[in-house]
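Novice: pasting the sequence and the predicted model now:
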Amino acid sequence: CRFATSCGPARLRMRPFVEKQLLHTLKLWDQRESGLWRANPRHLLSSVLSSAQGIRLLKDEKLELNKTLQLLIRHKRLLDWVNQDHVSDDGCQWSRRLKALQSSKWKELRSPGTTKSEFLTDSVGPVPVFFSFPDMLYNKIAAHLGPRVCREFCDISNEIPTWTFLRRNPGASSMDSLLDSLRGLGHQAGTCQEADNCIKVESACPSAVPLSQLPSYLSGELEMQDESSQLVAQLVQCKPTDTVIDLCSGAGGKALGILSCLQSSGCLVLHDPRVSAVKRAKQRFIKAQAHHEACPQVEFLTNMSLVLSWKESANWVLIDAPCSNTGSLRRHPECKYRYFEDERDHDSFLQLQEMQRYLLGCANDLLVRGGSMVYSTCSILPEENETQIHWAEQHLGLAVSTAE
């Protein structure tokens, strides 16, 4: 198991004012009452950039700032060890971690030829420190997967993604045409082996057209969606005339994948309690429906009581349940600290599990006799997966089949 090479030190070239805003934002990230507490690095980057309005930053400076934020969040525990003997002038932990990124010890740790066995000695401390995982989370994963697989999982989870997945929507240009267009605009693109109509786009050259500005994306031919999410949507094997309810729809990504399976006599219901998420879903559906010849009835709901009025009406219910996101830490590194770093957060993790069971119960009420539900999470923890399925078998009388 090698330390991820993408975790190398940032070549810090930040201006003093930008560094000051960076440290201020990271302090807010640690404050529970702050709106930035345990926020994703993308949101932290937006906060720093908005605070630095009036200062024109070059593209390379923004990229450097983003990389620095990613490294600091992903590896804060290891960085504390790297610079444990250093005391910052201002007493700020994040200032000390920032200096650790420039240290020779950090460069040695991320050297391509370095293996963890060279550093995991008594002087370094427990294995979770090396991988910058909270003890509580590391121990849960190790108990579930075993020590060797756990270390491999933690190492991979610390990688910074250099790729994006796209989904080809119904009615779009052919896959070959879309791939040619992407490559012509400076992207490295290819089809995926598992999900249908899925394209993987690797990091592009600096001059490439951003994916969010692609004509095929703006027109609704392509959508950004991880391959794993696309695979979940494919599990909903509905008929064209079925009624499908997406109980935790978010911005509608999975529901968009289901849309192509339904015809005008079918029905698709999206629910999410967040008004902003439903608004985004509506916008995405408007684009997608322009390429769909026979659109089903589509309902957007934010009130669970209105969803429950569809009792015994759904042929399929999809539950992409709120979870700890421990299976998507490459994109959400902040989540390893959200529920497992402090004992005070344990109750929040238990509340998540209660919410998952509530949603399973709601889904069961919505199904017609003989209907099916798909339950998925972005977690690798059995408390949110196998344990919940076993509960559904015992308390809801569901017959369970495992997706292949």
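Specialist: The structure has been received and is ready for your questions.
Novice: what packs against the top strand by length along the chain?
Specialist: Criterion DSSP state E: the longest strand present in the chain is strand 367-376. Counting contacts by 3 or more Cβ pairs under 8 Å, 6 or more residues apart in numbering; DSSP states H and E, strand 367-376 packs against strand 314-320, helix 346-366, helix 386-396. Where you see a C-beta, it was placed from the backbone N, CA and C, and this is true even at glycine.
Novice: mind showing which ranges of the stretch 151-300 of the chain have poor pLDDT?
Specialist: Along the stretch 151-300 of the chain, segments meeting pLDDT under 70 span 204, 206, 290-293.
Novice: one more time with 90
Specialist: Flagging of the stretch 151-300 of the chain using pLDDT under 90 yields the residue ranges 162, 169-172, 185-186, 193, 196, 202-215, 218-221, 260, 264, 284-296.
Novice: the strands in it, which residues?
Specialist: Counting by DSSP state E, counting those that start in this stretch, the segments of the stretch 151-300 of the chain that form strands are 163-168, 188-191, 198-202, 222-224, 243-246, 267-271, 297-301.
Novice: in CSV: the ones you listed, plus mean neighbour count and distance to residue 316.
Specialist: Converted to CSV, these look like this (neighbours: other Cβ atoms under 10 Å; distance: least, Cβ to Cβ, whole Å):
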stretch, mean neighbour count, distance to residue 316
strand 163-168, 20, 19
strand 188-191, 15, 27
strand 198-202, 19, 21
strand 222-224, 20, 20
strand 243-246, 26, 5
strand 267-271, 24, 10
strand 297-301, 16, 15
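Novice: in a markdown table, list those along with distance to residue 323.
Specialist: Converted to a markdown table, those look like this (distance: least, Cβ to Cβ, whole Å):
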| stretch | distance to residue 323 |
| --- | --- |
| strand 163-168 | 20 |
| strand 188-191 | 29 |
| strand 198-202 | 22 |
| strand 222-224 | 21 |
| strand 243-246 | 16 |
| strand 267-271 | 17 |
| strand 297-301 | 21 |
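Novice: looking at the ones you listed, which is nearest to residue 97?
Specialist: With Cβ to Cβ as the criterion, residue 97 lies closest to strand 163-168 of the strands of the stretch 151-300 of the chain, at 27.0 Å.
Novice: report the backbone C-alpha coordinates of that closest one in CSV.
Specialist: Output in CSV follows, covering the C-alpha atoms of strand 163-168 (Å, rounded to 0.1, in the frame of the first residue of the first chain):
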residue,chain,number,x,y,z
TRP,A,163,-11.8,12.6,-13.5
THR,A,164,-15.4,13.3,-14.0
PHE,A,165,-18.2,11.0,-15.2
LEU,A,166,-20.9,12.1,-17.7
ARG,A,167,-24.2,10.4,-18.6
ARG,A,168,-25.5,10.5,-22.1
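Novice: adjust the sequence numbering to begin at 429 for everything that follows.
Specialist: All right, first residue 429 from here; so that's strand 591-596.
Novice: of the helices and strands packed on strand 795-804, flag the one that's most buried.
Specialist: The highest mean neighbour count among those, using mean count of other Cβ atoms under 10 Å, belongs to strand 742-748: a mean of 24.
Novice: residues touching the residue lying closest to residue 741 once chain neighbours are set aside, list them.
Specialist: Among residues not flanking residue 741 along the chain, residue 671 sits closest, at 5.6 Å (Cβ to Cβ, 6 or more residues apart in numbering). For residue 671, the contact set (Cβ atoms under 8 Å, 6 or more residues apart in numbering) comprises 694, 695, 696, 697, 738, 741, 742, 743, 744.
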